[in-house]
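Visitor: Need a 3D model of the following:
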Amino acid sequence: MNGPFSVIIPTKGGVGSTTICVDVMKAIAKSHNVGIVDGDYAARRSVAVLTDMVRAIDANRTSTHISSATLHRMTVVEMASSLDGAYTLAPADVEHIATSLEETCDAILIDAPQPYANTIRPFIRRAGRFVLVVEPTILGLTTARLGQIQLERFGVTRAHQLIVVSGRVPKPEVSHSDIEATLGTRAIIEIANRSDRRYEKSIEAFAAILLKPSELGVPEGLKPSSTAPIGDRRGARRRPGGAADRGTGSSTEAPASNVTPIASAPTRQKNARDQLKFDINAEIAKRMDFSDTTRGVDDAGKLSELRIQVRELVGQLLQEHSDVGSAEDVAALQIEIIDEALGLGPLESLLRDHSVTEIMVNGPDRIFVERQGKIEATNKRFNDKKQLRTIIERIIAPIGRRIDEASPMVDARLADGSRVNAVVEPLALDGATLTIRRFPERRMEASDLVGIGAITPELVDFLRACVEARLNIVVAGGTGSGKTTFLNVLSSFLPTTERIITIEDAAELSLAQEHVVRLESRPANIQGAGEVRIRDLMRNALRMRPDRIIVGECRGGEALDMLQAMNTGHDGSLTTIHANSCRDALSRIETMVLMAGFDLPMRAIREQIVSAVDMVLHLTRMRDGSRKLSSISEVVGLEGDIVTMQEIARFDQRGVDKDNRVVGSFVFSGVQPVCLDKFTEYGVTYDVRGLSKMPIAASW
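Guide: Numbers count the residues shown, from 1 in each chain. Predicted coordinates for the structure are as follows:
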């Protein structure tokens, strides 16, 4: 057997291996029959979406969770449409599909985010190539080496391993020679960034390599665990110490996944695996100094060095325990121990999953995530309350925050910019809680929002002109509606020649301009002194010669200072606010101004609002989890004591489709915006016919 199967393995999240797989398949399909197996254990259906075969695959699905569809010489096999399906695969199903692909395809690609998972074992023993997609960074190189070690434990020698360098990183940290020297094998190709004109040629070159028969054939030294059949492991996993695996007769615990519900057990005893982890962590703590990790390690090189040291030590300690389990069990256990020693423990795998937008920890035994606007339970858990508190301390220590009984709430951020909120006892009755708001790895651009249907090109062009004409804009919406992301997109329209000052509670904004000053508030220290509020930063910012001021979120008395800044020559400012509608946003500003502690007449406050605020944008998280710009309203003036507004555009929802997705369109009110005069005043180029290209609302 020459090994027509090629297993494509990302060495870390975000390297684009699935996209590479699909594009290589399309290149091969120009002249040959090709198959691709979606081996994603978390069942995110990425391959089906990228090939636009979701409906065809679902139509072909029968009693088994495995399904496939063929289009233009391309056969897509989906192992499971849900996590439950991944646990109920029968050996005969997988063997049958593998044999069928061998008979009909000239090349078969396995998209394997988790190459040691049960779902792709029958393909592993047929594979002639194992392709590691490596990111040219220090972290990418470290994780690639770890991946190599795991493959070797699995019985896959370096001779069968190929290295592909991902070109997604704008500024590579390591050279090709460094990658080859560290990994001990040649990098066969570099896949250019998808926006690069060389991308197509690099994909075609990679496709040509995979079409050639493997010179070595399939590996002969695979461990028994890599070829073992799979079956329903839910029983052994859901009933600790319970019945053996129905599919194999083995009592081995099922591998961890990211979205299956966890057992409800407020108190539990450590099983043998947990006890082994505890013992190894204790031994590591004796032999190594982790004082830096409690304060946070900002140096990526130092952190990578620590990871390598810990990995080697863990490998030595695990060799002393012959009863750990199969090769994939050892690899998974090694990763978990390293994550607990240097990272955020059970949260690390969730942070590596770029489909997760929010992580919610409700005590040590309850961890939930949000994907595509929907909340799901996970099977992740902390060992105990102490470990959860340690992880919280590890997060907040680098930015000088504290959390204890005297100060039981804290806002913080991770190194990647993710926003963190933690609450501990006595306020959190069932144990410490932790909420992590994730942000995209890459800054979202206006084109990205258009691509996901959050806004139209006509409205993007209008808002660009609003920003360039120095209109003061308030972005309103509920929790998780995308206010910060949208504010980042609006900030991309700011001129690079202006001085921009951002003011936030916990820094989240990511501006592309160079002349940016970022300010962050600070809570009081343990003596109750040293607090710096948003209001204090606002006042100081006015002395820093700003052209634009961006306040991450107005929550209280700083709203008055924001209005004052907008009314004293610092127009073109941006801020966000929690509100249910554009009209409610102005009412909330009124309330927050009163919180400043000044007894101002309501009419005076409203006059300030009318003079300061030009445009209010409202964002909504729809019932299907999608986010949309639901309304654009312009503040026109004051009639009596009432602030008058006119809605320029909105999202008109007409219902939901059969897949429960929101159906609707963006419509124009037909009203000419007053701000067009300001566009002319500032010389902003804008085609006034742009909005009229949109559908006109039937009724307003």
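Visitor: chain center to stretch 311-320: distance?
Guide: With C-alpha atoms, centre = their mean, to the nearest Å as the basis, stretch 311-320 stands 31 Å off its chain's centre.
Visitor: oh, I was asking about stretch 126-145
Guide: With C-alpha atoms, centre = their mean, you get 21 Å for stretch 126-145.
Visitor: what does the model give Leu449 for pLDDT?
Guide: You'll see Leu449 listed with a pLDDT of 92.
Visitor: and it, what element?
Guide: Using DSSP states H and E, Leu449 maps to helix 446-451.
Visitor: Output the contacting helices and strands for the very next helix or strand once past that helix.
Guide: Remark: after helix 446-451, the chain's next helix or strand is helix 457-468, criterion DSSP H and E. Secondary-structure packing of helix 457-468 (3 or more C-beta pairs under 8 Å, 6 or more residues apart in numbering; DSSP states H and E): helix 446-451, strand 473-477, strand 627-639, strand 642-656, strand 662-668. Quick note: C-beta positions are derived from backbone N, CA and C, even for glycine.
Visitor: Could you tell me the angle between the longest one and helix 457-468?
Guide: When axes from the mean of the first three to the mean of the last three C-alpha atoms, to 10 degrees is applied, the directions of strand 642-656 and helix 457-468 differ by 150 degrees.
Visitor: Of the helices and strands packed on helix 457-468, which is nearest Ala565?
Guide: With C-beta to C-beta as the criterion, Ala565 lies closest to strand 473-477 of the helices and strands packed on helix 457-468, at 13.2 Å.
Visitor: what comes up buried for the helix holding Leu449?
Guide: Using 16 or more other C-beta atoms under 10 Å as the test for burial, helix 446-451 gives 446, 449.
Visitor: Are there helices or strands packed against it, and which ones?
Guide: Short answer (3+ C-beta pairs under 8 Å, 6+ apart): helix 446-451 packs on helix 457-468, helix 483-491.
Visitor: Quick one: these as JSON lines, columns for mean neighbour count, distance to Phe154 and mean pLDDT too.
Guide: Below are those laid out as JSON lines (neighbours: other C-beta atoms under 10 Å; distance: least, C-beta to C-beta, whole Å; pLDDT from 0 to 100):
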{"stretch": "helix 457-468", "mean neighbour count": "21", "distance to Phe154": "48", "mean pLDDT": "94"}
{"stretch": "helix 483-491", "mean neighbour count": "22", "distance to Phe154": "40", "mean pLDDT": "90"}
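Visitor: Mind putting those helices into JSON lines with distance to Ile203?
Guide: Below are the helices and strands packed on helix 446-451 laid out as JSON lines (distance: least, C-beta to C-beta, whole Å):
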{"stretch": "helix 457-468", "distance to Ile203": "29"}
{"stretch": "helix 483-491", "distance to Ile203": "30"}
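Visitor: out of those, nearest to Val635?
Guide: helix 457-468 (12.2 Å).
Visitor: any idea of the angle that closest one forms with strand 473-477?
Guide: Using the same axes, to 10 degrees: helix 457-468 against strand 473-477 is 130 degrees.
Visitor: how would you label the spatially most central residue of the chain: helix, strand or coil?
Guide: When the chain is reduced to its mean C-alpha position, the nearest residue by C-alpha atoms, centre = their mean turns out to be His354, at 3.2 Å. Three-state call for His354 (DSSP: H, G, I helix; E, B strand; the rest coil): coil.
Visitor: where's the nearest residue to Ile209 once chain neighbours are set aside, which helix or strand?
Guide: Leaving out its chain neighbours, the residue that sits closest to Ile209 by C-beta to C-beta, 6 or more residues apart in numbering is Ile188, at 6.1 Å. Assessed by DSSP H and E, Ile188 sits inside strand 187-191.
Visitor: same thing with Glu607?
Guide: Using DSSP H and E, Glu607 falls in helix 602-612.
Visitor: what does Arg588 give?
Guide: Assigned by DSSP H and E, Arg588 falls in helix 582-594.
Visitor: Which other helices and strands does that helix contact?
Guide: Using 3+ C-beta pairs under 8 Å, 6+ apart: helix 582-594 touches strand 473-477, helix 558-566, strand 574-578, helix 602-612, strand 615-621, strand 627-639, strand 642-656.
Visitor: quick one: that helix to helix 558-566, angle?
Guide: Using the same axes, to 10 degrees: helix 582-594 against helix 558-566 is 100 degrees.
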